[in-house]
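Peer 1: Can you look at this prediction? I've put the sequence above it.
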Amino acid sequence: MRRRDFLATSGVSLWPACSVAFAPQAALAPDAFRGVGSRVRITGMKIFGVSLTPDSDRPYVFVKLETNQGAVGWGEATLEGKAGAVMACLDDFREFVIGADPIQVEHHWQSMYVHSFYRAGPVMGSAISGIDQAMWDIRGKVLGLPVYKLLGGPMDARGVRGYYHADSEDRQELLRLRQTALLEGISCFKSGLPEYYEWIATRAKIERAVRHIQMLREGLGPEIDIAVDFHAKTSPSVATIICKEVEPLKLLWVEEPCPPENVKAMARIARRTTTPIATGERLIAPYGCRELIEMGAVDILQTDINHVGGISALWKVAAMADASGISMAPHACEGPIGALATLHVDAAMPNFLVQEICSGVRPEMKEKVWEEWFGFPAMRMVNGRFPLPEKPGLGFELSEASLKKFPFGGTRPMARVFHQDGSVAEW
Amino acid sequence: MAELDITDLRAWLLREPVSRRAYTVLQLSTKSGLKGYGECGEVAGEDIETAKRLIVGRAATAHEAVRHTLGASRVQAAVNIAMLDLVGQFTKSPIYQVLGGPTRNRARALASLEGASDDELRARLKERHAAGFRAFTIPLPPSPARNQGQAFAIAVVRRVETLRALAEDADFVLDGAGSLTPGDAAVVAASVERFHLLWFDEPCRISNLAAVRKISDESATPLGFGRHIEEPGEVQDALREEVIDILRPDLARHGISRIRRMAALAETYYIAVAPHHHGGPVGTAAALHLAASLPNFFIQHIPTPDAEPDRRMRAELTGGSIERVKDGFAALPAGPGLGMTMQEDALEKYKERGL
């Protein structure tokens, strides 16, 4: 018997006053928000695993919410290397979602996070992210506005400034990339480090890393912004040496100069160099960003809309960061739904810097599939910016049938790399 | 979406006839004929002119972008509320739904008790309790000197005891009005610990965090700060220094959006928000929408003038019962936008001057 039924039959007066105070609150009555909530209700939740190639190590996880008003919402919960776990976690939230009023997304975000008792790690964070995005998609469609307008944007009607990846070891190739960028209005690129590093690195490796970054600047030229992703391959000790060496190159940022668990270690690197430090793609929930923001050490936060907790959480993290003068450059290396959702939040951030997409200047198979799905070149820049969607919600239609061509190929591990001596290396 | 383009901005400075409390009501019109309302504190005519120049032609949906255009202008709060009112009316939804709520189905309410003596405060408590309030702000007794002695601590304790005896179901906030030294405030906070006040508000000015920290280090009485805070960065400082238990940003200064941004910071410290509100009924409506959009809202102060002419003015302006409280809670406005019907003739009737 539910507690409120019990109270109804037994009468509250049977309970001594002090016991009532200690008894748990009755479950929320179905009409608890009558008159203040909307009439929209979620009637169905579908979960899709989508592998663009059968052996993809990054299968997309999409979630679709259906409502009693006809409007549907799409969200993304892709978690690299843990697709099956996220799909199971989404299913664990089914009871939270079915029957819910998606307009009151903040209420549901809190309920998913708090009522899970164990606070969200990446699996639960990604599941909440997918559901949150889908609820925002419905909210925009029902309210008749693109999400970025609900959030008070756009800060810049020309669209959202973005960057592509430039993974090249070749100076000539970089010079050609520079010409393309100047022609197409692309203002920024990101590249990585050429090797894997132990927590203390040999002189040769450090010098190769510095030369690689110097080559990027020489090839791309002074007017193009360059970010270098250390991808947590370096320790604080090694990262600091490289960051100091490349100070004269005035990089836009160095990203994840060490792994994310130890905020003080990250802050120590940031304190020891003027090279701006960016991090945050692996952080979950505004709570997970609190210490980093509080210390005010890093310059740029890169929380990922597919892990941090969707639109609601990314917006909050940006607001928190703004109070410390920290810029936002959200990570986006998964599927197109989360990437498109990110653009909406970017467009309403006063402290927005630049948006990632893990693509190059020339579209490949992935980008062609995305265009097929949405009917427009999703996450392709025009004049260095991602155009803003005009339609209500997240601004796209997606048919389940178009996903069927790419059945779920199962969870695959992310890259596994090892040092010369067989010990485990950071990828 | 040209229909949401703002075509006009007007403002009225209103003053309550008896309390002399003043606030500015601002009206934005759109091409489609919608009228949105907002409120801020007393501002000069030039501020309104500047805001008008910057706002007319912008879309009502661009409330975040416009917030930056206005910079530090005090009119920003009213413009923000009025733009959200317009978005709500356009989407046929209360503002809290536009912002992702409701996170709750009603808002806990707080009333001030004003008066010099304990007897006056008791009389006010009876009135406000009968009006439906269950939480009350009480002023400190008069403090004649720096470094108060035992007599002052006894007077504070007696005041709290006297009022508590009158209403068993009531909770209290002790209002320091920024008047004490940190040392005196720490003594008071410790003396009233056993009463389990909701919090001790603004015991001293918050300009020096190390000094303020003395109070929170020496007592478990929760501390409320924020009515003078201008920038979200100040909130971050206060949170980092662990001097704050409940955040009290001023509605007339910030409007809805800036307080939501401060609340996001406070949330990760498990700190609740109780916006400071000393203005008019449009501000109260905005505060209730804000409350229902926040996960970490705790209580909303609702101004309750003593004089009947003031109360009549507030009711006439919004044509209804926005500020009505029952069993300690205010109902959420349910209509689109702010969910109230602004009475333009009342604006004209009560205006001290048009702006």
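Peer 2: That came in fine, so what should we check first?

Peer 1: Flag every residue of the stretch 1-150 of chain B that's near chain A.
Peer 2: Residues of the stretch 1-150 of chain B found near chain A (C-beta under 8 Å from any C-beta of the partner chain) are B:1, B:59, B:61-65, B:67-68, B:87, B:90-91, B:93-94, B:96-103, B:105. Every C-beta, even on glycine, is put in place using the N, C-alpha and C of the backbone.

Peer 1: Give me the pLDDT value at the residue nearest to the spatial centre of chain A.
Peer 2: Centroid-nearest residue in chain A: residue A:304, 1.6 Å away (criterion: C-alpha atoms, centre = their mean). pLDDT recorded at residue A:304 is 98.

Peer 1: Now that it has come up, it's in contact with residue A:328, right?
Peer 2: No - counting by C-beta atoms under 8 Å, residue A:328 is not a contact partner of residue A:304; they are 11.5 Å apart.

Peer 1: List buried members of the residues of the stretch 1-150 of chain B next to chain A by neighbour count.
Peer 2: Neighbour counting by 16 or more other C-beta atoms under 10 Å in any protein chain shown classes B:59, B:61-65, B:67, B:87, B:90-91, B:93-94, B:96-103, B:105 among these as buried.

Peer 1: Among those residues, name the ones in helices.
Peer 2: B:63, B:64, B:65, B:67, B:87, B:90, B:91, B:96, B:97, B:98 (DSSP state H).

Peer 1: any idea which of those is least confident?
Peer 2: Pick the lowest pLDDT in these and you get residue B:67, at 92.

Peer 1: Show me the shaky parts of chain A.
Peer 2: A:1-26 (pLDDT under 70).

Peer 1: Regarding it, what is its longest helix?
Peer 2: Identified as the longest helix of chain A according to DSSP H is helix A:122-143.

Peer 1: Which elements pack onto that one?
Peer 2: strand A:60-67, strand A:72-76, helix A:83-92, helix A:105-114, helix A:147-150, helix A:310-322, helix A:336-346 (3 or more C-beta pairs under 8 Å, 6 or more residues apart in numbering or on different chains; DSSP states H and E).

Peer 1: chain center to the third one, what's the gap?
Peer 2: Between the centre of helix A:83-92 and the centre of its host chain there is 17 Å, according to C-alpha atoms, centre = their mean, to the nearest Å.

Peer 1: Report the inter-axis angle for that helix versus helix A:105-114.
Peer 2: Going by axes from the mean of the first three to the mean of the last three C-alpha atoms, to 10 degrees, helix A:83-92 is angled at 110 degrees with respect to helix A:105-114.

Peer 1: Show me which positions of helix A:83-92 end up buried.
Peer 2: Applying 16+ other C-beta under 10 Å to helix A:83-92 flags A:83, A:84, A:85, A:86, A:87, A:89, A:90 as buried.

Peer 1: Let's test this: name the helix or strand in chain B with the lowest mean pLDDT.
Peer 2: strand B:351-354 (a mean of 84; mean pLDDT, DSSP states H and E).

Peer 1: Residues in contact with that one: which ones?
Peer 2: With contacts defined as C-beta atoms under 8 Å, 6 or more residues apart in numbering or on different chains, strand B:351-354 is touched by B:10, B:11, B:12, B:13, B:14, B:15, B:22.

Peer 1: for residue A:105, what are its contacts?
Peer 2: With contact set as C-beta under 8 Å, 6+ apart, residue A:105 has these partners: A:132, A:135, A:136, A:139, A:312, B:100.

Peer 1: Who are the contact partners of the closest residue to residue B:54 other than its chain neighbours?
Peer 2: In space, and not counting its chain neighbours, residue B:54 is closest to residue B:69: 5.1 Å by C-beta to C-beta, 6 or more residues apart in numbering or on different chains. The contact partners of residue B:69, by C-beta under 8 Å, 6+ apart, come to B:54, B:55, B:58.

Peer 1: residues contacting residue A:419?
Peer 2: Residue A:419 is in contact with A:196, A:198, A:425, counting by C-beta under 8 Å, 6+ apart.

Peer 1: ok so, going back, could you export the contacts of strand B:351-354 as TSV, including secondary structure?
Peer 2: TSV is the format used below for these (DSSP: H, G, I helix; E, B strand; the rest coil):
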residue	secondary structure
B:10	strand
B:11	strand
B:12	strand
B:13	strand
B:14	strand
B:15	strand
B:22	strand
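
Peer 1: Quick one, which of the residues you listed are buried?
Peer 2: Neighbour-count burial (16+ other C-beta under 10 Å) is assigned, among those, to B:10, B:11, B:12, B:13, B:14, B:15.

Peer 1: check contacts around the residue in chain A that chain B sits nearest to.
Peer 2: Here chain A gets closest to chain B at one residue, residue A:152, 2.7 Å apart by C-beta to the nearest C-beta. Each residue near residue A:152 by C-beta under 8 Å, 6+ apart is listed here: A:348, B:61, B:62, B:63, B:64, B:65, B:67, B:257.

Peer 1: just residue A:68 next, same as before
Peer 2: Counting by C-beta under 8 Å, 6+ apart, residue A:68 makes contact with A:39, A:40, A:41, A:43.

Peer 1: Repeat that for residue B:163.
Peer 2: Residue B:163 touches B:113, B:118, B:121, B:122, B:125, B:136, B:138, B:170, B:172, counting by C-beta under 8 Å, 6+ apart.

Peer 1: Look up which helix or strand it falls in, please.
Peer 2: Element membership for residue B:163 (DSSP states H and E) is helix B:150-166.

Peer 1: Quick check: buried residues in that helix?
Peer 2: B:152, B:153, B:155, B:156, B:157, B:159, B:160, B:163, B:164.

Peer 1: returning to what we had before: would you list the contacts of residue A:105 in JSON lines and tack on distance to residue A:182?
Peer 2: Formatted as JSON lines, the contacts of residue A:105 follow (distance: C-beta to C-beta, whole Å):
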{"residue": "A:132", "distance to residue A:182": "39"}
{"residue": "A:135", "distance to residue A:182": "41"}
{"residue": "A:136", "distance to residue A:182": "36"}
{"residue": "A:139", "distance to residue A:182": "40"}
{"residue": "A:312", "distance to residue A:182": "38"}
{"residue": "B:100", "distance to residue A:182": "42"}
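
Peer 1: Of these, just the buried ones, ChimeraX syntax please.
Peer 2: Restricted to buried positions by 16+ other C-beta under 10 Å, the ChimeraX selection for these reads:
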select /A:132,135,136,139,312 /B:100
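
Peer 1: Name the nearest of the contacts of residue A:105 relative to residue B:214.
Peer 2: Nearest to residue B:214 out of these is residue A:312 (C-beta to C-beta; 37.2 Å).

Peer 1: got a list of what the closest one touches?
Peer 2: Applying C-beta under 8 Å, 6+ apart, we find residue A:312 in contact with A:105, A:106, A:109, A:132, A:136, B:100.

Peer 1: Compute the number of surrounding residues for residue A:27.
Peer 2: Applying other C-beta atoms under 10 Å in any protein chain shown, we find 11 residues neighbouring residue A:27.

Peer 1: How about whichever residue of chain B sits closest to chain A: what's its closest non-neighbour residue?
Peer 2: Per C-beta to the nearest C-beta, residue B:64 is where chain B lies closest to chain A, at 2.7 Å. Nearest residue to residue B:64 in three dimensions, chain neighbours excluded: residue A:152, at 2.7 Å (C-beta to C-beta, 6+ apart).

Peer 1: Where does the one you found sit, in terms of helix or strand?
Peer 2: Using DSSP H and E, residue A:152 falls outside every helix and strand.

Peer 1: Find the helix or strand that residue 79 is a member of.
Peer 2: No chain in the question, so chain A it is. For residue A:79, there is no host helix or strand (DSSP H and E).

Peer 1: please go with chain B instead
Peer 2: Residue B:79 belongs to helix B:76-91 when assigned by DSSP H and E.

Peer 1: where in chain B is pLDDT low?
Peer 2: B:1.

Peer 1: Thank you kindly, that will do.
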